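Participant: A predicted structure for the sequence below; I have some questions about it.
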Amino acid sequence: MGTNRREFLKSTGKFVLLTSAAALAWDFLEAGTPEAAPNYKLQEHWWAFAVDIEKCIGCGNCVRACKTENNVPLEPYFFRTWVERYHVPKGDIEHPEVDSPNGGYDGFPARYQPGDGSKNFFVPKLCNHCSHSPCTQVCPVGATFESPDGAVLVDKTYCLGCRYCVQACPYGCRFIDPRTMTVDKCSLCYHRITKGLTTACCESCPTGARMLGDLKNPKDPMHEFLRIHKILVLKPQMATGAKLYYNGLDGSVR
Amino acid sequence: MQRFIKDKEHLVRMVGLFLIGLVLFLVVQVLLVPKDFYKFGHFRAGALADNAARPVVFAGRQACESCHPDVVEARKGSRHGIIGCEACHGALAKHADDPGSLKPTRPDARTLCLVCHREDVAKPKSFKQVNPQEHMGGEPCISCHKPHHPETA
C-alpha cells in the first residue's frame, strides 16, 4: 500500500510538473519569434517622437534616410515621413501657402524672397503614433494596431488593402504600397528601436530637430525637452492622443 | 398554449439548426484565428516580431564610432559634432557588419555642404547659410573648411 501511494504521488507529481512545463513552453511558442529582439521587453517602453521646428533646415535628409531604411517606393506621393514648407503671408495666418516638392526628398528650391514680411518655416511630418488612433479603430481585420509599447504598426500579412485607415488618418500619414497593395506607414523604425538603435530619420538629421523618446524611461532626454519647451500636437481637437510633439508649431500649420 | 405544444417540433428543429450552426462557427473560428490573436488586443501578437525582424540599413552612430576613434577625436568640440556619421556618409550597416564587403564612397563636398547650408528664407536665422556665388565664387568648400571640424581653417 505504501509503495502504491509513493508511486501514485511520483507519477502525479511528474504529470503536474511536466504539464506545467509544457504549458510554459507552449506559451513561449505562442509568443512568436523572440529571436528578432531577444532583450527587448514590451512592457518597459512607451515610445513618443518630438520635432523641433526651430531647428529644421529642410535639407530632406530624413526623407531620404527613411526611404532607404524602410524600402519605401521612390516615386513621389509615397512617404513615411516628409517635410512641408510653410509660407505665411504678412498677418494672414489663415491662408498659409504650403509646398512639399517630392516630400522634400530633393531639398527645397529657393522660392520665397526675404523682406516681404512673410513668415517661412519647415514642418517635418510623420505618423503621430496616436494612443487613440482613428486609423486602427476602422480596420475591419485587425491588421493595424497600437502596440503595447506605443507604436502604431501594420500587420502586412493581414492587411486587405481596403484603404479605410488611409481615409481615417487625420494627418495623411498612410499610403498603399503599389508593390504589395497593402497599407504602409511610419513604423517608428520598430526594427531599430527594439534593438536599441534610434530611428533612421533621427540618425541622419543634421541639426537634431528630430528626437525619439521613451516616456517610460525616466532618464530619457525627451522628458526635459517636453518640460522646457512650449509643446503642441497637430489637431489636438481631434483627441487622437497624438505622441508626435512639436516645439515651435505655428497656428497656421494644418 | 395548446397550439404551442402542438407546433413545438418546428421550434426544436430551428433551435437545433441554430445550435449546429453555432458549433460549426466556433470550430471554424478556433481553427482560423491564430492562437496569439487577442494576446495584446485585436491583432496578431506575432505582427510585433514581424515588424521587428526587418533588416537594419543605417548602422547607427555607435557602430561607426567603435571602429573609427580617430574621427571621433577629430570631431571633438566641432559645431558638426552632433551630426550622425551616416547623415553625410550614407547608410552603412553593410559596411559595419563586414567592412570589406562595402567601401563607403567619399561624399562630394561641393554638393553635400550646400544641401544644408544653401541660403533659404525658411531656415532658422541662427543656422549658418551662404549664397554659394557670393560666399565662395565657385571655390570648393573644403579648400577652407574641414567637414569634420568646420571652424578650423
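Facilitator: Now that the structure is in, tell me what you want to look at.
Participant: wait, doesn't A:H191 sit right on B:A53?
Facilitator: Yes. Using C-beta atoms under 8 Å, A:H191 is in contact with B:A53, at 6.6 Å. C-beta: built from backbone N, CA, C; applies to glycine.
Participant: Per-residue pLDDT of the nearest residue to A:G172 once chain neighbours are set aside, please?
Facilitator: Spatial nearest neighbour of A:G172, chain neighbours left out: A:K125 (7.9 Å); criterion: C-beta to C-beta, 6 or more residues apart in numbering or on different chains. Note for A:K125: predicted pLDDT of 97.
Participant: repeat for the one 3 residues further on
Facilitator: According to the predicted model, the pLDDT of A:N128 comes to 97.
Participant: is it true that it lies in a strand?
Facilitator: No. Secondary structure of A:N128 (DSSP: H, G, I helix; E, B strand; the rest coil): coil, not part of a strand.
Participant: burial of it, as a residue count?
Facilitator: Burial of A:N128 is recorded as 25 neighbouring residues (other C-beta atoms under 10 Å in any protein chain shown).
Participant: Pop out the phi and psi values for it.
Facilitator: The phi/psi pair for A:N128 (degrees, to the nearest 10) reads phi -80, psi 0.
Participant: ok, it touching A:Y246?
Facilitator: No. Contact criterion C-beta under 8 Å: A:N128 and A:Y246 do not qualify, at 10.1 Å.
Participant: Between A:H191 and B:A53, point out the one with more neighbours.
Facilitator: Between A:H191 and B:A53, counted using other C-beta under 10 Å, the more crowded position is A:H191 (22 against 15).
Participant: need the contact list for the more buried one.
Facilitator: Contacts here follow C-beta atoms under 8 Å, 6 or more residues apart in numbering or on different chains; on that basis A:H191 touches A:36, B:51-56.
Participant: I figured B:R110 was touching B:E139, is that so?
Facilitator: No. The criterion here is C-beta under 8 Å, and B:R110 misses it with B:E139 at 9.7 Å.
Participant: Looking at stretch A:187-205 now, give me its mean pLDDT.
Facilitator: 96.
Participant: Quote the end-to-end distance of that stretch.
Facilitator: With C-alpha to C-alpha, to the nearest Å as the measure, stretch A:187-205 spans 18 Å from end to end.
Participant: now the strands: where do they sit in the stretch 101-250 of chain A?
Facilitator: A:119-126, A:144-146, A:152-154, A:175-177, A:182-184, A:210-214, A:231-232, A:244-247 (DSSP state E, counting those that start in this stretch).
Participant: Pick out the residue nearest the middle of chain B.
Facilitator: Closest residue to the average C-alpha location of chain B: B:V56 at 8.5 Å, with C-alpha atoms, centre = their mean.
Participant: Domain-wise, how is chain A divided?
Facilitator: Residue ranges for the domains of chain A, per automatic domain parsing: A:2-32, A:46-247.
Participant: What of chain B?
Facilitator: B:2-52, B:61-143.
Participant: what about the longest one, distance to the chain center?
Facilitator: Think domain B:61-143. 21 Å (C-alpha atoms, centre = their mean, to the nearest Å).
Participant: Mean confidence (pLDDT) on that domain, please.
Facilitator: Computed over domain B:61-143, the mean pLDDT rounds to 92.
Participant: Can you check the distance spanned by it, start to finish?
Facilitator: End-to-end distance of domain B:61-143 (C-alpha to C-alpha): 27 Å.
Participant: same question, stretch A:235-245
Facilitator: 11 Å.
Participant: do stretch A:171-182 as well
Facilitator: End-to-end span of stretch A:171-182 (C-alpha to C-alpha): 19 Å.
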